[in-house]
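Asks: 3D model of this:
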Amino acid sequence: MGASKSEAFSAEQQNLAALAKALAHPARIAIIQHLLQVDSCICGDLVHELPLSQPTISQHLKELKLAGIIKGNIEGSSICYCIHTYQIGPLHTFISQLLNYTATTSNCC
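Replies: The predicted structure follows:
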């Protein structure tokens with residue numbers, strides 16, 4: 001989106017769009033699902049968990065980290081990743097509003 005057009009949208013809208021864009025790949029969904037399943041930080045190699053090469057996984061981790069969906073900390077010779085719950089709060093609120101709206105609205109086409 002061009003700089004002139006992005007100014008027409010609020011920071012909240014731009015942030016939600018960035019989060020949604022980062023989630024818009026099945027590999028990233030798989031990474032997040034794995035993080036949620038293990039319910040802890042992942043310091044090991046995700047190559048054994050996903051059908052992707054290490055460079056591909058690293059690129060997806062980078063995109064998720066840039067969007068703020070996950071965070072990473074260096075521990076020894078590896079980087080440990082976990083869900084960044086603070087950053088995904090606005091996405092949770094937005095999706096909850098969307099689900100509540102569709103669940104309670106009956107006067108719609």
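
Asks: any idea which helix is longest in this protein?
Replies: Using DSSP state H to assign secondary structure, the helix with the most residues in the chain is helix 85-104.

Asks: Would you mark the buried spots in that one?
Replies: Within helix 85-104, the residues that count as buried by 16 or more other Cβ atoms under 10 Å are 88, 91, 94. (Glycine included, C-beta is placed from N, CA and C.)

Asks: excluding its backbone neighbours, what's nearest the second one?
Replies: For residue 91, the nearest residue in space outside its immediate sequence neighbours is residue 19; the separation is 4.8 Å by Cβ to Cβ, 6 or more residues apart in numbering.

Asks: can you check the first one too?
Replies: When the adjacent residues along the chain are set aside, residue 88 lies closest to residue 69, with 5.9 Å between them (Cβ to Cβ, 6+ apart).

Asks: Torsion angles phi and psi at that neighbour?
Replies: Dihedral angles phi and psi of residue 69 (degrees, to the nearest 10) take the values phi -80, psi -30.

Asks: Residue 7 and residue 20, how far apart?
Replies: With distances taken as Cβ to Cβ, to the nearest Å, residue 7 is found 19 Å from residue 20.

Asks: With neighbour numbers in mind, choose between the two.
Replies: Neighbour tally, residue 7 and residue 20, criterion other Cβ atoms under 10 Å: the higher count belongs to residue 20, 13 against 9.

Asks: what's the angle from the one helix or strand that one maps to to helix 85-104?
Replies: Element membership for residue 20, per DSSP states H and E: helix 11-23. Between the axis of helix 11-23 and that of helix 85-104 there is an angle of 90 degrees, by axes from the mean of the first three to the mean of the last three Cα atoms, to 10 degrees.

Asks: Can you spell out which helices and strands pack onto helix 11-23?
Replies: helix 26-38, helix 54-67, helix 85-104 (3 or more Cβ pairs under 8 Å, 6 or more residues apart in numbering; DSSP states H and E).

Asks: Give the burial count for residue 80, as a bare number.
Replies: By other Cβ under 10 Å, the residues close to residue 80 number 15.

Asks: Oh, that last question was meant for residue 67, not what I typed.
Replies: By the criterion of other Cβ under 10 Å, residue 67 has 20 neighbours.
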